[in-house]
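Chemist: this one's structure only:
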């Protein structure tokens, strides 16, 4: 694991706390902050309140009850190095936890911005007349990629999807159109300048891979990196992540980080310049045995 500067985890905590605020309502439950998304889109989470003590099992139970009332996923996120006691508390409160390698970019080790095989990389443009279709296609690629067992990222567990082995352009194109409200909200987030989605696109097969960055000041996280299952093995995810990270650095970001689903995925990111610094935890209700 790479050496960690003393202020890194505080910067990450500020990021995690600030990122959802423009797009959500906030409820404080004990030592937890519950972020409730306004409108459509990826649901947010509850996480330890900055500067507070470790949440108790009662805090977690109360937050879960509130999430159920609101009809949102019972999802909790925290960084193990910042709140090391929460893992045991979460488990005692009935949660399972994904322990996801947390990696930050070493700018000096970032691989060059290279061409991709039989395709090209571009950015989704919210001003384009085809924005709604491009957004639908990129999200469909993410859902199909996240659902297939060969690739998982730390944020995928919040959405349970049908696994379609070898899914390709036909399955992507069968995804339903997004609602007008979902497109409007996504456009507002892109227009803020804090969100970017990059895609790998083939002239013949359309969008084959996708990755998104979300930024607060000079810190940015890369999320939702996925490749259409039928297009795997071509290095799309790695180069897409590297290209997006390079653009972030060029725009004034000096801390780029991401979470990987497991050690195997983390090793792929280390090959393009990321270094493991800790563990990001995602807690969800434990499965009930049949």
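Modeler: Great, that's in hand. All values derive from a computational prediction rather than experimental measurement. Numbering: from 1, shown residues only.

Chemist: and the residue nearest to the spatial centre of the chain, how far is that from residue 232?
Modeler: The centre of the chain sits closest to residue 223, judged by C-alpha atoms, centre = their mean, with a distance of 3.3 Å. Distance check for residue 223 against residue 232: by C-beta to C-beta, to the nearest Å, it reads 19 Å. Where you see a C-beta, it was placed from the backbone N, CA and C, and this is true even at glycine.

Chemist: which residue ranges of the stretch 51-200 of the chain form helices?
Modeler: With helices called from DSSP state H, counting those that start in this stretch, the stretch 51-200 of the chain shows them at 57-70, 86-92, 131-147, 169-173, 180-191.

Chemist: which stretches of the protein aren't confidently modelled?
Modeler: Within the chain, the stretches with pLDDT under 70 are 1-6, 148-165, 288-290.

Chemist: how's it carved up into domains?
Modeler: 8-106, 114-274 (automatic domain parsing).

Chemist: which one of those domains lies nearest to residue 282?
Modeler: domain 8-106 (4.5 Å; C-beta to C-beta).

Chemist: how about the strands in the stretch 101-250 of the chain?
Modeler: Secondary structure of the stretch 101-250 of the chain by DSSP state E, counting those that start in this stretch: the strands cover 120-123, 195-202, 206-216, 219-227.

Chemist: now render these as CSV, adding distance to residue 104.
Modeler: What follows is the strands of the stretch 101-250 of the chain, written out as CSV (distance: least, C-beta to C-beta, whole Å):
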stretch, distance to residue 104
strand 120-123, 22
strand 195-202, 18
strand 206-216, 14
strand 219-227, 10
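
Chemist: which one of the ones you listed lies nearest to residue 107?
Modeler: strand 219-227 (12.4 Å).

Chemist: which neighbours in the sheet does that closest one have, and how are they oriented?
Modeler: Strands that pair with strand 219-227, judged by DSSP bridges, come out as strand 206-216 (antiparallel), strand 255-259 (parallel).

Chemist: in a markdown table, list the ones you listed along with distance to residue 287.
Modeler: Shown next, in a markdown table, are those (distance: least, C-beta to C-beta, whole Å):
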| stretch | distance to residue 287 |
| --- | --- |
| strand 206-216 | 29 |
| strand 255-259 | 22 |
